[in-house]
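**Student:** no sequence on this one, just coordinates:
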Ligand code: CA
């Protein structure tokens with residue numbers, strides 16, 4: 001992977017040093033900030049290629065910082081990974097809805113950190129290339145034809161509603177990527193009727209049932225949302 005210029009925002013010195021050590025060992029260039037205000041200052045000096053952001057900060061919290069990062073044209077597309085403690089699922093949902101790319105729950109292993117980091121960078125790269133928008137997506141036993149709005153499972157055509165297809169295509173385009181209900185509603189809303197966050201749960205039940213033994217490809221991330229299983233098929 002390319003060596004990245006990373007800004008780490010974390011107020012706990014031990015965790016900050018651990019992050020610096022792990023990231024620098026992998027060859028990345030690390031800048032640090034201990035508050036949201038300091039982070040904004042450093043962002044103004046130079047835009048990094050990735051922001052690792054603790055949510056619980058003194059003063060301006062991580063969510064507010066994330067909001068400002070997304071509002072500023074200079075940092076709107078900056079990949080953001082949130083660092084969270086267990087039990088902060090509401091903040092994770094809020095952060096993802098604000099446009100954060102992913103999150104890591106503390107304590108985490110260096111291996112998990114590097115894997116998430118690589119995944120976010122890879123996905124960002126894929127977004128710039130047309131591969132994700134391919135007419136035909138193959139995910140293990142599933143084949144999705146966007147234009148025809150058809151899904152084949154092991155070669156058999158699956159009868160999905162418009163909303164079910166939209167949800168499945170959204171999740172399958174980014175395996176391993178967690179989507180909040182709000183993000184799913186936002187991506188799917190429009191054509192036939194209003195989809196609510198509660199309706200997303202109902203659609204997921206329907207999708208899993210129709211997918212049969214492959215229903216497990218759609219994973220529930222407790223307290224956060226849903227994702228398509230990230231498996232090497
Ligand atoms: Ca903290």
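**Tutor:** Cool, got the structure. From a predicted model like this one, the values you see are computed outputs, not experimental measurements.

**Student:** next structured bit after whichever strand or helix holds residue 182?
**Tutor:** According to DSSP states H and E, residue 182 maps onto helix 181-188. Later in the chain than helix 181-188, the nearest helix or strand by DSSP H and E is helix 197-211.

**Student:** buried residues, the very next helix or strand once past that next one. List them.
**Tutor:** Reading on from helix 197-211 to the C-terminus, the next helix or strand found by DSSP H and E is strand 218-221. Neighbour-count burial for strand 218-221, counted by 16 or more other Cβ atoms under 10 Å, picks out 218, 219. Where you see a C-beta, it was placed from the backbone N, CA and C, and this is true even at glycine.

**Student:** now this protein against the ion: closest residue?
**Tutor:** Using Cβ to the ion, the single residue of the chain nearest to the ion is residue 56, 3.9 Å away.

**Student:** pretty sure that residue sits in a helix.
**Tutor:** No - according to DSSP: H, G, I helix; E, B strand; the rest coil, residue 56 belongs to no helix; its state is coil.

**Student:** I figured it hits residue 62, correct?
**Tutor:** Yes - checked against Cβ atoms under 8 Å, the pair residue 56 and residue 62 is within contact range at 6.9 Å.

**Student:** report the rounded mean pLDDT for the helix holding residue 182.
**Tutor:** For helix 181-188, mean pLDDT is 88.

**Student:** do the same with stretch 224-233
**Tutor:** For stretch 224-233, the mean per-residue pLDDT is 88.

**Student:** who's in contact with it?
**Tutor:** With Cβ atoms under 8 Å, 6 or more residues apart in numbering as the test, stretch 224-233 has contacts from 89, 92-93, 96, 119, 139-141, 171-172, 174-181, 183-184, 200, 204, 216-221.

**Student:** of residue 56 and residue 62, give the one with the bigger neighbour count.
**Tutor:** Neighbours were counted for residue 56 and for residue 62 using other Cβ atoms under 10 Å; residue 62 has more, 28 against 16.

**Student:** excluding its backbone neighbours, what's nearest the more buried one?
**Tutor:** Distances taken as Cβ to Cβ, 6 or more residues apart in numbering put residue 55 closest to residue 62, at 3.6 Å, once the chain neighbours are dropped.

**Student:** mind listing what's buried in the lowest-mean-pLDDT helix or strand in the chain?
**Tutor:** Sorting the helices and strands of the chain by mean pLDDT, DSSP states H and E puts helix 110-128 at the bottom, at a mean of 85. By neighbour count on 16+ other Cβ under 10 Å, the buried set for helix 110-128 is 113, 114, 116, 117, 119, 120, 121, 123.

**Student:** how about TSV for those residues, with distance to residue 167 added?
**Tutor:** What follows is the buried residues of helix 110-128, written out as TSV (distance: Cβ to Cβ, whole Å):
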residue	distance to residue 167
113	30
114	30
116	24
117	27
119	21
120	22
121	26
123	18
